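# next input, structure requested:
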Amino acid sequence: MADQALPIRGTLDLTPAQSKRDGMLEILHDWITTVDHKKLGILYILYAILFLLVGGAEALFIRIQLAFPNNHFMSPQVYNRFFTMHGTTMVFLMGMPAIFGFANYLVPLMIGARDMAFPRLNAFSFWMTAFGGLFIYYSFLGGSGLYGVGNAPDVGWFAYAPLTARAFSPGNATDYWAVGLIASGFGTIGSGINIVATIFSMRCKGMTLMRMPLFVWLNLTVSALVLITITPLTAAQIMLCIDRYLGGHFFDTQAGGSAVVWMHFFWIFGHPEVYVLVLPAFAIANEIIPVFSRKAIFGYPAMVTASVGIAFISLSVWAHHMFTVGMTSASNAFFTLSTMLVGIPTGIKIFNWLATMWGGKIRFATPMLFMTAFLFQFLIAGLTGIMLSVSPWDWQLHNSYFVVAHFHYVLVGAILTAIFGGLYFWFPKVTGRMMDERLGKINFWLFLIGFHLTFDVMHIPGILGMPRSIYTYEANRGWGTLNLIVSIGAAIQGIAVLIFAYNMVISLFKGEKAGNDPWDAWTLEWACSSPPPSYNFATEPVVISRRPLWDLKHPEDPDWKYE
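Numbers count the residues shown, from 1 in each chain. Sure, this is the predicted structure:
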C-alpha cells in the first residue's frame, strides 16, 4: 500500500465541457480582479455602451409618449420615472464612464507609462462607479421598499426640491438615486486623482508638459475639474439623505431651509459637468483631425491655453440655469457675462481645428466623418448656448424644449458623436482588428440624419412654448407634427446605435487584421502592438517632439521637431 500511487486529479481528468467552463471562469476572474489600466478602460467603455443602449431605449419610450397629442402610452408617473432615469443614465452612467474609459486606456500609453500611478485605486474607482449605477437601477425592483412594488425615482435628473422631500417622493426610489450617485461620485473622484498623478509623475523621458499629446492635456484638465465639481454634488446628496432620514431641513422651505440652495449645489456641479464631458470630446478631436488631415494640429499652445481657460471659466457660469428664480440684476449680469466669456476659448478651438483641416489631405474614413459632424454640431450647440446666456431670452425659453434641444446638441451632437469617432479610431488598437468601414458609414449617415431630424426640429416647439417636463399636450397647441418628426428622428438614431453595436461585435471576431498603426498616426500608443502587451512598453520610450512616431518614421526630417 505504501508503494501504491495516490490518484491525482489534473487537467487531463477534465471533460472538454468542464475544461471550457473552468477556462471561462478563469477569464472572468481575471477581468473582475484586474488592475491593468487597459482592461479597466475596456470595462468602463463596455459599461458606458450598455447604459447607452438602456438610456436610448428610455428616450425612445419618452418619444413614443410625445409623438402624438393626448397620448396615453405611459402613465404620468411612469413617464416621470423614465424622464428621470434617462437623464441620470446618459450623464452619469454613459458619459462619465465613457470618458474615463478612454482616459484609462490611452493616457498611460500616450505618455509612455506601463500603468496608472495607483492601479488598485483604479480598479476600486471602476467598481464603485459600476456599483453606483447598478444601485440606481435597483430602484426599479426595490424603490417602494422591501414589501412594495418597485419603481424608479421620478424627481427629474436634476431633482429639484421639494420634489425630493419624503412627502412628495415616498418609498426608497429617491434614496437609491442619491446613494448610487454618492457611490459613483467616489469612483469618479478616485479616477480623477489617479489620472492627475499619472500624468504628472509617470511621463517618459523627454515628454515635457508642452510635448504631451493634446488628448493628455485635456484629460489632465478634466480630471482636475472633476475634483472640484463632484464634491458639491456629493455634499448635496448627503444633505438630501439627512433631510429624508435624520430630520434635517436643508431644502425644506417650510422648516427654514431653502430649495434654491439645492439648485446652487447641483448647478455648481451641473454646468462644469458639461465641460467635464465635452473636453474629452475635444481631446478625441485633437487626435483624429490632425491624423486624417495629414497636418500637425494648428496652434498647439493656444489649444492648451484654451482648454485650461474653459475649465476655469466653467466654474463661474452655473447660475445661468437660475435666471428665473429671482436673483438680483447684478447676479444676472455677472452670469450672463461669464457665460458669454466661455465662448472665447471655445471659439479658439473651433478655428484651430478648421485651420488644421484647411489645406490638409483629408481622408474621410469613418472616424473623420464623425469629427466633421462634431465640428458643425458643436458650433450650433455653442451658438444656442450663447443665446441662452442672455437672461431676457432665457426668461422666455427656460424649461422649454428649446433648452432640451440645446442640451442634446451638446451631449449627443458633440459628445456622443465624438465618442463614436473615438471608438472607430482606437478600436484597432484595442482589438487588433478594424471595424467594418461600410457599416461604419451607414452608422454615421443614419445617426446624422436622425440627430438633425430630432434636435433641429425640437427647437421649434420650444420657441412655441412647449415645456420640457410635459407628459402630454392638447392637439390645438400646434406641436403634434413637430413632435412626430422628432420621434421619427429618435427612432433612426436608435437604429444607428444598434448598427454600431452590431459592427463592434462582428468586427471583434471577423474584422480585418489592423496591424500596429493602421491610420499612420503619430502618438505613442500606436508604437506598440495591437492589442498592447500587459506591460505596454518593454523599454521606456524617449521622445524629442510632440509627434514621436513621426520622428521614428521620418528621422531625416527635422522640420517636425519642437524644442
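
# switch to C-alpha atoms for all contacts and neighbour counts from now on
Noted.

# now do the contacts for the residue nearest the centre of the chain.
The central residue of the chain, meaning the one whose C-alpha is nearest the mean C-alpha position (Cα atoms, centre = their mean), is residue 95 at 2.0 Å. Contacts of residue 95 were listed using Cα atoms under 8 Å, 6 or more residues apart in numbering, and they are 48, 277, 416.

# would a markdown table of the residues you listed with pLDDT be doable?
Putting the contacts of residue 95 into a markdown table (pLDDT from 0 to 100) gives the following:
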| residue | pLDDT |
| --- | --- |
| 48 | 97 |
| 277 | 95 |
| 416 | 97 |
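
# among those residues, name the ones in helices.
48, 277 (DSSP state H).

# for the protein, give me the ranges with low pLDDT.
In the predicted model of the chain, residues 1-14, 142-150, 556-563 satisfy pLDDT under 70.

# surely residue 73 touches residue 64?
Yes: because the distance of 7.3 Å satisfies Cα atoms under 8 Å, residue 73 is recorded as touching residue 64.

# for residue 28, what is the enclosing helix or strand?
Taking DSSP states H and E as the criterion, the element that holds residue 28 is helix 16-33.

# what's that helix packed up against?
The criterion is 3 or more Cα pairs under 8 Å, 6 or more residues apart in numbering; DSSP states H and E, and there are no helices or strands that helix 16-33 contacts.

# name the residues of that helix that come out as buried.
By neighbour count with 16 or more other Cα atoms under 10 Å, helix 16-33 contains no buried residues.

# verify the contact between residue 183 and residue 127 for me.
No: at 9.5 Å, residue 183 does not count as touching residue 127 under the criterion of Cα under 8 Å.

# show me where the stretch 151-300 of the chain has strands.
Counting by DSSP state E, counting those that start in this stretch, the stretch 151-300 of the chain yields no residue ranges for strands.

# check the burial of residue 71 by counting its neighbours.
The criterion is other Cα atoms under 10 Å. On that basis, residue 71 has 15 neighbouring residues.

# who touches it in this structure?
65, 472.

# 54 is where my numbering starts, stick with that
That works, and once the first residue is 54, the last one we named lands at residue 124.

# and it, what are its phi and psi?
Here is the backbone geometry of residue 124 (degrees, to the nearest 10): phi -80, psi 140.

# please report how far it lies from residue 118.
In this structure, residue 124 and residue 118 are separated by 6 Å, where distance is defined by Cα to Cα, to the nearest Å.

# any residues in contact with both of those two?
Between them, residue 124 and residue 118 have residue 525 as joint contacts when contacts are counted by Cα under 8 Å, 6+ apart.

# who has more neighbours out of residue 126 and residue 117?
Between residue 126 and residue 117, counted using other Cα under 10 Å, the more crowded position is residue 117 (21 against 15).

# OK, contacts around that one?
Listed by Cα under 8 Å, 6+ apart, the contact set of residue 117 reads 126, 540.

# hang on, residue 605 in a strand?
No: assessed by DSSP: H, G, I helix; E, B strand; the rest coil, residue 605 does not belong to a strand; its assignment is helix.

# and it, how many neighbours?
When neighbours are defined as other Cα under 10 Å, residue 605 has 12 of them.

# ok, residue 154 next?
Summarising burial for residue 154: neighbours were counted as other Cα under 10 Å, giving 24.

# in the helix or strand harbouring residue 158, what's buried?
The secondary structure element spanning residue 158 is helix 149-163 (assigned by DSSP H and E). Neighbour-count burial for helix 149-163 flags 149-163 (criterion: 16+ other Cα under 10 Å).

# does the helix or strand just after it pack against any helices or strands, and if so which?
If you walk from helix 149-163 toward the C-terminus, the next helix or strand you reach (DSSP H and E) is helix 172-195. Packing contacts for helix 172-195, counted by 3+ Cα pairs under 8 Å, 6+ apart, involve helix 90-119, helix 226-254.

# distance from the chain centre to helix 172-195, please.
On the basis of Cα atoms, centre = their mean, to the nearest Å, the separation between the geometric centre of helix 172-195 and that of its chain is 16 Å.

# may I see the buried residues of it?
172, 174-186, 188-193, 195.

# then stretch 279-289?
In terms of neighbour count (16+ other Cα under 10 Å), stretch 279-289 has its buried residues at 279-280, 282-287, 289.

# what about the strands in the stretch 504-616 of the chain?
Using DSSP E, counting those that start in this stretch, the stretch 504-616 of the chain contains no strands.

# which residue ranges of it form helices?
533-563, 601-606 (DSSP state H, counting those that start in this stretch).

# what angle do the first one and helix 90-119 make?
For helix 533-563 and helix 90-119, the angle between their directions (axes from the mean of the first three to the mean of the last three Cα atoms, to 10 degrees) works out to 150 degrees.

# packing partners of helix 533-563?
Under the contact criterion of 3+ Cα pairs under 8 Å, 6+ apart, helix 533-563 touches helix 90-119, helix 490-516.

# between the longest one and helix 172-195, how many degrees?
Think helix 90-119. Using the same axes, to 10 degrees: helix 90-119 against helix 172-195 is 30 degrees.

# show me the one of the helices and strands packed on helix 533-563 that comes nearest residue 589.
helix 90-119 (9.4 Å; Cα to Cα).

# by how many degrees do the closest one and helix 149-163 diverge?
Going by the same axes, to 10 degrees, helix 90-119 makes 150 degrees with helix 149-163.

# can you tell me what sits against the helix or strand that helix 90-119 is followed by?
The element immediately downstream of helix 90-119 (helix or strand, assigned by DSSP H and E) is helix 129-141. Residues outside helix 129-141 that contact it (Cα under 8 Å, 6+ apart): 108-109, 111-112, 114-115, 204-210, 524.

# for helix 129-141, which positions count as buried?
Applying a neighbour-count criterion of 16+ other Cα under 10 Å, the buried positions in helix 129-141 are 131-141.

# what do you get for stretch 569-577?
Under the neighbour-count rule (16+ other Cα under 10 Å), stretch 569-577 has 569-572, 574-577 buried.

# now residue 103: how far from residue 97?
10 Å.

# centre of the chain versus the helix holding residue 81, how much separation?
Per Cα atoms, centre = their mean, the displacement of helix 69-86 from the mean C-alpha position of its chain is 31 Å.

# list the residues that contact residue 443.
Contacts here follow Cα under 8 Å, 6+ apart; on that basis residue 443 touches residue 389.

# if we ignore the residues flanking it in sequence, what's nearest residue 92?
In space, not counting the residues next to it along the chain, residue 92 is nearest to residue 84; the distance is 7.0 Å by Cα to Cα, 6 or more residues apart in numbering.

# for residue 532, same thing?
Sequence neighbours aside, residue 514 is the residue nearest to residue 532 in space, at 5.9 Å (criterion: Cα to Cα, 6+ apart).

# and residue 596, what does it touch?
For residue 596, the residues meeting the contact criterion (Cα under 8 Å, 6+ apart) are 257-260.

# can you pick the most crowded of those residues?
residue 260 (21 neighbours).
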